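Visitor: Got a sequence here, can you build the structure:
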Amino acid sequence: MTDRLASPIRRIAPAVLLVLAVTLLGPGPAPRVQAADVGLVLEAYGVLRDRYVGPIDPVSTLNGAIAGLRAALSAAGVVADLVEIPMGTAPAAAEAAFRTRFAAAVAAAGGRVQTTALAYAAIRGMTATLNDSHTGFITPEQNRERQLRQRRQAAFSGVGIVLMPLDGRFYVRDVIPGTPAEAAGVQALDRIVRVDATPTTGLQTDQVAGLIRGPAGTSVSLVLDRPGRAAAVVLAVTRAPIQIPAVFQARVMEGGIGYLQLYQFVNRTGADVREALQRMLGAGMRALVLDLRGNSGGFLHELNATVNLFLLAGRPVYQETTRGGQSRTVRTTGVPVLPTAMPVVVLIDEGSASAAELLAAALQEQGRATLIGAKTSGAVEASVVIDLSDDSALSVTILRLASGQGRRLEGVGVTPDVAVANSAAELDQGRDTQLVRAIQLARQRLGLSAAPRPAAGR
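Guide: Predicted coordinates:
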C-alpha cells in the first residue's frame, strides 16, 4: 500500500505520455505463488469490499466482473453463456456463483484467451461498475513502473515526449528535460507527421504511441512539421531510460515574468517547487505564470507542501470525507515563499487532474490566482494502491475530496476564470495561445505593455 494519492487511475487528459512501460529496468521481484485466476478476482473483490470509500453491492460488483469476462471472450470471437447473478443473492452464494461462471469462461476460451487475461478483464469489469476516477486495476508491469516513477527513478524506456492529439493531428506537447528527444532536437509544438515509414494520419493516439515506443538502445525516426520551416524535420531518436522530473521548466522572462511548469506531484515536489520559486525570485521575478496543464496529480502530501508556498497559513485547501462519513478540512501551514501581493496566473486544461485541480481550485477560491485555459478533467478523489498476490494492484478510493470551500470536483472539474483554447491552426503556426494569454495577463497586472508572443516551441 502506498501513501494517499490524488492522481487518477484512468487518465482523462488529451495529452498522452509517450514513455509508458516498454522495457522495465533492472531485475524484477521474485515471482509469487498466486496465479492470476479466479482467486485473484475474488481477492480484488475483497479489497474493494473492505477498503472502498462507498458501499459495495456484492451482486452488482461480481456481475461487473462477469461483464468483463464476456467482453474479453467476445473480443476473441468466443461465444459463452455467462448469465448474471440474480439480484438479492447472498454474498457467499454470489461468490460461489461467480466461481462457476469464471470456470465456464475458461472452458469456453479453450486457450484462445489466457486465464490471466480473463482474470484481469474481470477485475476491470468490477472496478468499472463504480465509475470512479481513482479506482482501477494496475497490471504488474504498470505497478512496478508506478513505484519507480513515484520514487523519481527511471522506470521505463522511451524518447521523452508528451504527445498532444488535436483534430486528428499529433503534436509534441512537451519535451521532457534530459531525454533523448531533447538531445535529438525535438521541440514543443512540432507536429508528428510520420513515425519511421508510417504516416500518423488516421491513427488513434495509442497507435502513434505504440509506433514511437520501443526498447532502450533502439532508434526511431520522427518526421516533424515544425512551425516556420518549409521542409519537414527528420530526426533519429535513440530510445533510453526516462526519468520524469516534477518541474519541467522554471525561468524568468522579460519584464520579470516567471514561468514554472509543474508536471506531477511525486516525492520532493514541494521542495523542488520551493527551490525553483526562490531561484526565480532571486532572478528578479515580479509575477508568476504557473503551468499545470497535463499535470495528472500525485501525492497529497506533496500537494500540501506545494500549496503552502502560495497561501498564508490557515487557508482551506481541500475537504476530505472518510468511508464512515467523517469530514475534515485540510489547511495551509507555515509561511508562503511568494510575496502575497505578487500576481499569479495559473494555466489549466483537460489534462490537469486531481492534485493539480485541487491546487488550482485553492488558489482560485482564495483569490490568489487567475485561472486561464480550459476546464480541468474532474478526476478528484484520494486513493491508496494495494498490491495483489501476483504483483498487480488495485487503486482504491478511500476518501471523497472537495475543494476548500466544499465544491465537489469529481466529474465536474475546475472552470477557468478566462477560457482560452488552443487550435490546430495556431499550433501549426507555433503559437501556444493559452500561454500567450497568461503572459499577457501577468504583464498587465504589472502595468506592462503586451509582450510579443513566445517563440515556437515556447
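
Visitor: which strand in this structure runs the most residues?
Guide: If you go by DSSP state E, the chain has its longest strand at strand 393-403.

Visitor: what about it, distance to the chain center?
Guide: A distance of 15 Å separates the centroid of the chain from that of strand 393-403, by Cα atoms, centre = their mean, to the nearest Å.

Visitor: and what of stretch 415-426?
Guide: Computed by Cα atoms, centre = their mean, the separation of stretch 415-426 from the middle of its chain amounts to 20 Å.

Visitor: and the end-to-end length of it?
Guide: 23 Å (Cα to Cα, to the nearest Å).

Visitor: Report the contact partners of Thr89.
Guide: Pro58, Val59, Ala97 (Cβ atoms under 8 Å, 6 or more residues apart in numbering). In short, each C-beta sits where N, CA and C put it, glycine included.

Visitor: Which pLDDT does the model give it?
Guide: On pLDDT, Thr89 comes in at 97.

Visitor: Any figure for the gap between it and Arg49?
Guide: 15 Å (Cβ to Cβ, to the nearest Å).

Visitor: Check Gln364 too.
Guide: As for Gln364, its distance to Arg49 is 37 Å (criterion: Cβ to Cβ).

Visitor: got it, and Leu311?
Guide: Between Leu311 and Arg49 the computed distance is 38 Å (Cβ to Cβ).

Visitor: out of the two, which sits in the busier spot?
Guide: For Leu311 versus Arg49, the count of surrounding residues by other Cβ atoms under 10 Å is larger for Leu311: 23 against 15.

Visitor: mind listing what the more buried one touches?
Guide: Neighbouring residues of Leu311 by Cβ under 8 Å, 6+ apart: Val317, Thr332, Pro336, Ala362, Leu363, Gln366, Arg368.

Visitor: For the stretch 301-450 of the chain, which segments count as strands?
Guide: Along the stretch 301-450 of the chain, the stretches classed as strands by DSSP state E, counting those that start in this stretch are 316-321, 327-331, 344-348, 370-373, 381-387, 393-403, 418-419.

Visitor: Please render those as TSV that adds distance to Leu163, mean neighbour count and mean pLDDT to the earlier fields.
Guide: Listed next are the strands of the stretch 301-450 of the chain as TSV, based on distance: least, Cβ to Cβ, whole Å; neighbours: other Cβ atoms under 10 Å; pLDDT from 0 to 100:
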stretch	distance to Leu163	mean neighbour count	mean pLDDT
strand 316-321	30	21	98
strand 327-331	34	14	97
strand 344-348	18	27	98
strand 370-373	18	25	98
strand 381-387	25	22	93
strand 393-403	23	23	95
strand 418-419	24	13	98
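
Visitor: what stretches of the chain score poorly on pLDDT?
Guide: Segments of the chain classed as low confidence (criterion: pLDDT under 70) are 1-7, 9-35, 147-156, 451-458.

Visitor: which residues of the stretch 151-300 of the chain fall in helices?
Guide: Assigned by DSSP state H, counting those that start in this stretch, the helices in the stretch 151-300 of the chain fall at 180-184, 205-212, 269-282, 300-307.

Visitor: Relative to Val289, how far out is Asp432?
Guide: According to Cβ to Cβ, Asp432 stands 11 Å off from Val289.

Visitor: actually Thr61, not the one I typed
Guide: The value you get for Thr61 to Val289, if Cβ to Cβ is used, is 45 Å.

Visitor: With Ala362 instead?
Guide: Distance, Ala362 to Val289, by Cβ to Cβ: 17 Å.

Visitor: Which of these two has more residues huddled nearby?
Guide: When neighbours are counted by other Cβ under 10 Å, Ala362 comes out ahead of the other of Ala362 and Val289, with 27 against 22.

Visitor: So the more buried one sits against Ser403, correct?
Guide: Yes: in this structure Ala362 lies within contact range of Ser403 using Cβ atoms under 8 Å: 6.9 Å.

Visitor: Surely Arg112 is in a strand?
Guide: No: looking at Arg112 with DSSP: H, G, I helix; E, B strand; the rest coil, it is coil, so not inside a strand.

Visitor: so it makes contact with Ala76?
Guide: Yes: the pair Arg112 and Ala76 qualifies as a contact (Cβ under 8 Å) at a distance of 5.0 Å.

Visitor: who has more neighbours, those two?
Guide: For Arg112 versus Ala76, neighbours defined as other Cβ under 10 Å are more numerous around Ala76 (14 against 11).

Visitor: Let me see the contact set for the more buried one.
Guide: Under the criterion of Cβ under 8 Å, 6+ apart, the contact list for Ala76 reads Ala109, Arg112, Val113.

Visitor: Please apply the same query to Ala236.
Guide: Residues touching Ala236, when contacts are defined by Cβ under 8 Å, 6+ apart, comprise Ala184, Ser219, Val220, Ser221, Leu222.

Visitor: So how do I select the buried members of the residues you listed in PyMOL?
Guide: Listed next is the PyMOL selection for buried residues among those, using 16 or more other Cβ atoms under 10 Å:
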select buried, resi 184+220+222
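
Visitor: Residues touching stretch 52-65, excluding its own?
Guide: 41, 45, 48-49, 84-89, 91, 94-95, 97-98, 122-123, 125-130, 135, 321-323, 381, 396-400.

Visitor: Next step: those restricted to strands.
Guide: The strands, defined by DSSP E, take in Thr321, Glu381, Val396, Thr397, Ile398, Leu399, Arg400 from the contacts of stretch 52-65.

Visitor: Looking at the residues you listed, spot the one nearest Ser354.
Guide: Taking Cβ to Cβ as the measure, Ser354 sits nearest to Glu381 out of the ones in strands among the contacts of stretch 52-65, at 7.5 Å.

Visitor: distance of the closest one from Ala65?
Guide: When Glu381 is compared with Ala65 (using Cβ to Cβ), they lie 22 Å apart.

Visitor: right, and Asp192 touches Pro165 too?
Guide: Not Asp; residue 192 is Ile. No: counting by Cβ under 8 Å, no contact exists between Ile192 and Pro165, whose distance comes to 9.8 Å.

Visitor: Show me which of these two is the more surrounded one.
Guide: The residue with more neighbours, out of Ile192 and Pro165, is Ile192; 25 against 20, by other Cβ under 10 Å.

Visitor: Look up the residues forming beta bridges with the more buried one.
Guide: With DSSP bridges as the criterion, Ile192 is bridged to Leu224.
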